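Trainee: output the structure for:
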Amino acid sequence: MSKQVNYGDNLFFLQDMVRVLKNGLTLDIDSAYFLDKVVEDLLFIDTALSKIFAKLKENTHLIERNEYLRSLMLAKSGFSDLLEDLAESKIGRDFNLELFLEKFRKIITQHRQDINEIQDLLSTEEDSIHTGEVVSGEEIAFLLQDEIHDD
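Mentor: Prediction:
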């Protein structure tokens, strides 16, 4: 029996983690205490967002899928922005992250590609909704013709 995934709550939690990290890294905190935890959290968020994206891509019949994809796109964007701020030393200046910069840049690139893919998925689904079969006025008149004659 498969377990139901709570995409909305999971994405909210990840977005909150990104917000807390970004706010925390603007503080003058001691990297000796927090460097390992910050890097661990960043790598965790990367993995979690990637897993959620993979699940949403494969589950095309999920109710509210488009809403989850939009939330995921926002989460990936916020996370990429956080990593860019770190890579450009806009935040976390006291953290020695040089060993991780190449990894962070690869993560940023992957999430930016995923955001483009999500936008394509959303536009494709919206196009298919708008190009669905529509009953013309003539068809409606023809279908209602029998009802009118039955009266």
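
Trainee: for the lengthiest helix in the chain, name the packing helices and strands.
Mentor: Ranked by number of residues, the top helix in the chain under DSSP state H is helix 101-130. Secondary structure elements in contact with helix 101-130, counted by 3 or more CB pairs under 8 Å, 6 or more residues apart in numbering; DSSP states H and E, are helix 31-58, helix 65-87. Any C-beta I mention is one placed from the backbone N, CA and C, and that applies to glycine too.

Trainee: tell me how many other residues crowd residue 16.
Mentor: Neighbours of residue 16 under the rule other CB atoms under 10 Å: 11.

Trainee: cool, and residue 95?
Mentor: 19.

Trainee: roughly how far apart are it and residue 61?
Mentor: Per CB to CB, to the nearest Å, residue 95 is found 43 Å from residue 61.

Trainee: tell me what angle the longest helix of the chain forms with helix 65-87.
Mentor: Angle, helix 101-130 to helix 65-87, by axes from the mean of the first three to the mean of the last three CA atoms, to 10 degrees: 160 degrees.

Trainee: quick one: helix 101-130 to chain centroid distance?
Mentor: From the chain centre to the centre of helix 101-130 is a distance of 8 Å (CA atoms, centre = their mean, to the nearest Å).

Trainee: could you pull out the buried residues of it?
Mentor: Of all the residues in helix 101-130, those buried under the rule 16 or more other CB atoms under 10 Å are 104, 107-108, 110-111, 114-115, 118, 121.

Trainee: over to stretch 19-37?
Mentor: Neighbour-count burial for stretch 19-37 [16+ other CB under 10 Å]: 21-22, 25, 34-35.

Trainee: state the mean pLDDT of that stretch.
Mentor: Across stretch 19-37, pLDDT averages out at 95.

Trainee: in CSV, list the C-alpha atoms belonging to it.
Mentor: Below are the C-alpha coordinates for stretch 19-37, written out as CSV (Å, rounded to 0.1, in the frame of the first residue of the first chain):
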residue,chain,number,x,y,z
ARG,A,19,13.6,31.4,4.6
VAL,A,20,15.1,30.5,8.0
LEU,A,21,18.5,29.8,6.5
LYS,A,22,18.5,33.0,4.5
ASN,A,23,17.5,35.0,7.6
GLY,A,24,20.0,33.2,9.7
LEU,A,25,22.9,33.8,7.3
THR,A,26,22.3,37.5,7.4
LEU,A,27,23.2,37.4,11.1
ASP,A,28,26.7,37.5,12.5
ILE,A,29,26.7,33.8,13.6
ASP,A,30,29.8,31.8,14.2
SER,A,31,30.6,29.6,11.3
ALA,A,32,32.6,27.2,13.6
TYR,A,33,29.2,26.2,15.1
PHE,A,34,26.9,26.4,12.1
LEU,A,35,28.9,25.6,8.9
ASP,A,36,28.2,21.9,8.9
LYS,A,37,24.5,22.3,9.7
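
Trainee: thank you kindly, that will do.
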